[in-house]
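Enquirer: build me a structure from this.
(2 chains)
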2 protein chains.
Amino acid sequence: MTTTSDLYPVSRLAAVQQATAAAGIDALLLTPGPDLRYVSGYEALPLERLTCLVVPASGEPFMMVPRLELPAAQASPAARLGLEFVAWDETDDPYAMVAARLGAVRTVGLADRMWALASLRFRAAMPGAEQVLAGSVLRRLRMRKSPAEVAALREAGQAIDTVHRQVPALLKAGRTEREVGRDLHDAILAAGHTTVDFVIVGSGPNGASPHHELSDRVIQAGEPVVVDIGGQLPSGYCSDSTRTYCVGEPPADFAAYYAVLQRAQEAACAAVRPGVPCEAVDAAAREVIAQAGYGEYFIHRTGHGIGIETHEEPYIVAGNAEPLEPGMAFSVEPGIYLPGRHGARIEDIVVCTEGGGERLNAVPRELIII
Amino acid sequence: MTTTSDLYPVSRLAAVQQATAAAGIDALLLTPGPDLRYVSGYEALPLERLTCLVVPASGEPFMMVPRLELPAAQASPAARLGLEFVAWDETDDPYAMVAARLGAVRTVGLADRMWALASLRFRAAMPGAEQVLAGSVLRRLRMRKSPAEVAALREAGQAIDTVHRQVPALLKAGRTEREVGRDLHDAILAAGHTTVDFVIVGSGPNGASPHHELSDRVIQAGEPVVVDIGGQLPSGYCSDSTRTYCVGEPPADFAAYYAVLQRAQEAACAAVRPGVPCEAVDAAAREVIAQAGYGEYFIHRTGHGIGIETHEEPYIVAGNAEPLEPGMAFSVEPGIYLPGRHGARIEDIVVCTEGGGERLNAVPRELIII
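Expert: So this is what the prediction gives:
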């Protein structure tokens, strides 16, 4: 069982501080969201009142906290870090307080998800400071998962696998996507997730829209159905897995391109090893699909990094020359989509290891005929 | 029954465009979140791929959409607006595409919740443009609710009232806050909400922390319990209501300050009418509490606006001289908190009308002894 201290080690703050200094950034400003959680373990509510972990390149980190969030902050994993909580009152200006404490700064790194509500106020409070993304510092750390993080992703993979194993019992001709989706929602929670991040049930033509979610469409016999599901575990780490099902015998042309897709997904997974650029994993899938004549029907990148966000770096996409390193975790999810007809996608989470790649999902990838 | 077209009228886009021009802003850039939903009705997923409604002060609005979100955008209420959807592909730079379409601009208004991930890329793509908050344009529109919006908030108030009516059956000595919270979570969904935004069950000393959520603390006989709950309805409009309960007979000092609190909440509600500054509503509650000697125990503002966000303008806080206008909707929620002992809060949503204020919650405000 991985603990908070395994996943969000106290030592991380010092590592972040060093990386901030090395990047020539004077301070990171981390408002609620994944960046703050990664550094401190604190899952703060995103509110209009400023909560902000300030990590200066040198000197003492501190956390601005609205006075009425102080008990929550003190009860959170951030309390382990031994930093000062600076409580501000309803009529204080917390942005000016941060600026005054930091003094003269040339460059500040903003949490990637910082709201404009905060970033523009920081700009006004520190007009001389260039704003860059904290991600420019944190991405290198966040991309390479520690063994504890890989264990948390493995646990997430097993959790979502148990849900996929229930799909054949839920998908039936005559049910609507929404009815199936509701059952999947409950099953995702029952499998140990704390939140359901998405439930895609794309039947027939809806399967040709990769980000279709749910509709009142009634599933018909003989139709392929794309099921893409995921959520977040109490650890903060996310699951994400897609399988394609067919309610009865599939159309012949569908079965043909599904076989191509499965080969493409295998090829992309097989391409994973340290040193290989992200775009080469994308190309490995794309080549198989293009050579079979379906290139124009694979309309999205092959994958996205995953961790405490469902979508994070590295992105498995043409143009991304970032070389894979052990610990990088991402989806491999090529798809083929015939507009107006049907579509298919196969998605596993893969972690780059010293020797290649490890898949964190174990449900069979063959077309599942119900 | 209010419809999408009542709540998010097609005419709003032109009104927003006029207000943008009047504010001297060249274009609004609205990424997924409440600002985008308010203007277009589109509840887009917040993703790293850019979706952005661009509203120029003059000229044709358009929406940047990742190609694989195009079917979702086309199926959304935004399709009613008759604007162009500009689909971008995985290897395009959508920020540069927006900049090229807009041409020379001096000032752009960013959605208040736009991520730094997007705002800094827009800054790089439009280095000459000053970034301000879209809220500077939209706040005046969003603050004044239309009759359809007030109806949606009234519906939300009734929904959360049905949950508060179930609390006496759920709160029992010997149960934990978390057990009660789980039941309330289910009851909030059963009452018609699509999401549960927060469930606060603060028993005994936890009631003295206004934003305490849930813990494994076992509720004891004779303890006051603060229950603050809310969620979002399918309309997009939010509920938020607090009542304080006591499991058995309350401590004598608690009963004394609860009576003060109830008078304070009444006084603040009675102060609501057009032309009164927001801070005067805050002062009306604060005065009653201070005169009774509890001033230092009322540690937060009196309220916040509510609509498609649980917290939005206008804020009912000292220093906010904004005069109330008919249609403004906000919480009135004074509290008294004795650290380490117990606390109490009473919260209703109030809409400013021509003649005064209308409360949208109807559950009795007396201390509820179970």
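Enquirer: in the helix or strand A:S136 falls within, what's buried?
Expert: Under the criterion of DSSP states H and E, A:S136 resides in helix A:135-143. Applying a neighbour-count criterion of 16 or more other Cβ atoms under 10 Å in any protein chain shown, one finds A:G135, A:S136, A:V137, A:L138, A:R139, A:R142, A:M143 buried in helix A:135-143. Quick note: C-beta positions are derived from backbone N, CA and C, even for glycine.
Enquirer: next SSE after it?
Expert: helix A:147-164.
Enquirer: contact residues of the stretch 201-350 of chain A facing chain B?
Expert: By Cβ under 8 Å from any Cβ of the partner chain, the part of the stretch 201-350 of chain A that sits against chain B consists of A:209-213, A:299-301, A:304, A:311-312, A:317-319.
Enquirer: show me which of these are buried.
Expert: A:209-213, A:299-301, A:304, A:311-312, A:317-318.
Enquirer: how close does the residue most central in space within chain A sit to A:F198?
Expert: The residue lying closest to the centre of chain A (Cα atoms, centre = their mean) is A:T310, at 1.7 Å. Taking Cβ to Cβ, to the nearest Å as the criterion, A:T310 is separated from A:F198 by 8 Å.
Enquirer: also A:Y42?
Expert: For A:Y42, the distance to A:F198 equals 25 Å [Cβ to Cβ].
Enquirer: who's more crowded, those two?
Expert: Neighbours were counted for A:Y42 and for A:F198 using other Cβ atoms under 10 Å in any protein chain shown; A:Y42 has more, 23 against 16.
Enquirer: that one against A:P77, yeah?
Expert: Yes: taking Cβ atoms under 8 Å as the definition, A:Y42 is a contact partner of A:P77 at 5.9 Å.
Enquirer: re the thing from before, so which of the buried residues of helix A:135-143 reach chain B?
Expert: Applying Cβ under 8 Å from any Cβ, the subset of the buried residues of helix A:135-143 adjacent to chain B comprises A:G135.
Enquirer: any idea which of the buried residues of helix A:135-143 is the one closest to B:M64?
Expert: Minimum distance to B:M64 across the buried residues of helix A:135-143 is 21.3 Å, recorded for A:G135 (Cβ to Cβ).
Enquirer: excluding sequence neighbours, find me the nearest residue to that closest one.
Expert: Closest residue to A:G135 apart from its sequence neighbours, by Cβ to Cβ, 6 or more residues apart in numbering or on different chains: A:D112 at 4.5 Å.
Enquirer: surely the one you found meets A:L36?
Expert: No: under the criterion of Cβ under 8 Å, A:D112 is not in contact with A:L36, lying 10.6 Å apart.
Enquirer: can you redo the residues of the stretch 201-350 of chain A next to chain B as TSV with distance to A:L70 and secondary structure?
Expert: Output for these, formatted as TSV (distance: Cβ to Cβ, whole Å; DSSP: H, G, I helix; E, B strand; the rest coil):
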residue	distance to A:L70	secondary structure
A:S209	46	coil
A:P210	44	coil
A:H211	40	coil
A:H212	43	coil
A:E213	38	coil
A:I299	48	coil
A:H300	44	coil
A:R301	42	coil
A:H304	36	strand
A:H311	32	coil
A:E312	30	strand
A:V317	42	coil
A:A318	47	coil
A:G319	45	coil
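Enquirer: now do the helices in chain A.
Expert: Listed in chain order, the helices found in chain A under DSSP state H are A:4-7, A:12-22, A:34-40, A:70-74, A:94-102, A:116-125, A:135-143, A:147-164, A:167-170, A:177-190, A:252-270, A:278-291.
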